Structures are given as structure tokens and as C-alpha cells.
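>>> curious how this folds, go ahead:
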Amino acid sequence: KYCESSRGPLKVRLTLNQAGKKKSRRLARAAKAAAIAPRPLKLLRPAVHCQTQRYSAKVRLGKGFTIEELKAAGLTARYARTVGIAVDHRRTNKSAESLAANVARLEEYKSKLIVFPKKRLSKVKNGDSSAEECKAATQFVGTVLPLAKASNEIVMADVPSQEVSAFTQMRVARKETKVAGFRVSVANREEK
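Next comes the predicted model:
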């Protein structure tokens, strides 16, 4: 990995294997998907707010759901991990709104979830899906329940229209204060 130059040997890292690595990563992903089928390749992640005041308005996918969120949705952390839900025991809920949003996310996931029986041909137990649903199940590809992008277009119909313009009021007030001294001097001249 050394390349000769006028300054002596230079340590250069070559990336001639980039295309090969790309292919091997793709094959590894495909092999993993085939091994865990019909389970989805990715886990369900919570909607969290970004850190710091600058980015806190932005919502992204987090690492995992809190224990409190799982409890509100009627799940245990141990069971959630077995049905494709990411759990983060370190995260805490700081607002009721984000807690409610993530509980709603869990409820939506639970409604779409198909749970196979532990043994192939065993009887359907409580919490398991029916045989027809299990037969019709297909592997989900991509992000599980992706976040809906908020539209950032401002509709002029939503903006309230005012009869009196604030800008005009400010301009008139500025002009009045400028002319006030001149008007006083004119009034004094008229009195004399």
C-alpha cells in the first residue's frame, strides 16, 4: 500500500474494491432478507425531534421506542423486540404530544401486523393471525411506516388579510414625528 514519490514512500489507501464491496453488501442484504422472510428487513422506529433549538422543529426517525410508549400501547419491551419494533431503554419522553404520536404509530403498526404461530402447524393461539392472513403475507421492503413529509407551501387563503396595514401605520407615524417640530415652529410664527 505504499506509493513512491520524490518525498519517499507515501502511504496511499486505494479503493479499487469499491464496486466489489457494493456488490457484496447488496448480496448480504438480499441473503438476510431471504433468511428472515416474511419478516421486514427493517425495524419500526419512533418519530423524534432533532436536537438543539435550531433543528428541534424537524422530525426524524429515532433509535427506538421508550418503555413508557410501549406500555401505553399495551406491549412489553421483550415482546416488542420479537415483532420488529426497535426499543431504546435510555430514551425518555419529555412531552405528552410526542408520546401520543408514537403510541399512535405503534397502534397503527399493531393493526397491520401479522403474527405467525410459533410452530408451523400448531393451533392458532391468542395474538396469532389467522391461517389465511399468514398465507397471504409478503415481505415488506423499505422503511416501516415512513414519516409523512409536511408541505412547506404557504397558501395565501390561510393568511389573514387586514384592512389597516401595519407598514402604512408605521410609515405615517415616522413621518408625523419628523414633521412635528416644523409644525410647532409654524404655529409659533402664526401666533406672533
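
>>> what residues are up against the nearest residue to Ala33 once chain neighbours are set aside?
The spatially closest residue to Ala33, leaving aside those adjacent along the chain, is Leu41, at 5.0 Å (CB to CB, 6 or more residues apart in numbering). (Each C-beta comes from the backbone N, C-alpha and C, glycine too.) Contact analysis of Leu41 by CB atoms under 8 Å, 6 or more residues apart in numbering lists 29, 32-33, 139-141.

>>> how near is Leu70 to Leu44?
Distance from Leu70 to Leu44, counting by CB to CB, to the nearest Å: 11 Å.

>>> hey, what's in contact with both of the two?
85, 106.

>>> quick check, the residue nearest to Ala33 in a helix?
No: residue state for Leu41 (DSSP: H, G, I helix; E, B strand; the rest coil) corresponds to coil; a helix is not indicated.

>>> measure it to Pro146 for me?
14 Å.

>>> please apply the same query to Arg7.
51 Å.

>>> higher neighbour count, the two?
Legend: neighbour count by other CB atoms under 10 Å for Arg7 and Pro146, higher for Pro146 (9 against 6).

>>> just the pLDDT for the residue most central in space within the chain.
The chain has Arg60 as the residue nearest its centroid, 2.1 Å off, counting by CA atoms, centre = their mean. Arg60 carries a pLDDT value of 95.

>>> not counting its neighbours along the chain, what's nearest Ala77?
Distances taken as CB to CB, 6+ apart put Val87 closest to Ala77, at 4.8 Å, once the chain neighbours are dropped.

>>> that'll do, ta.
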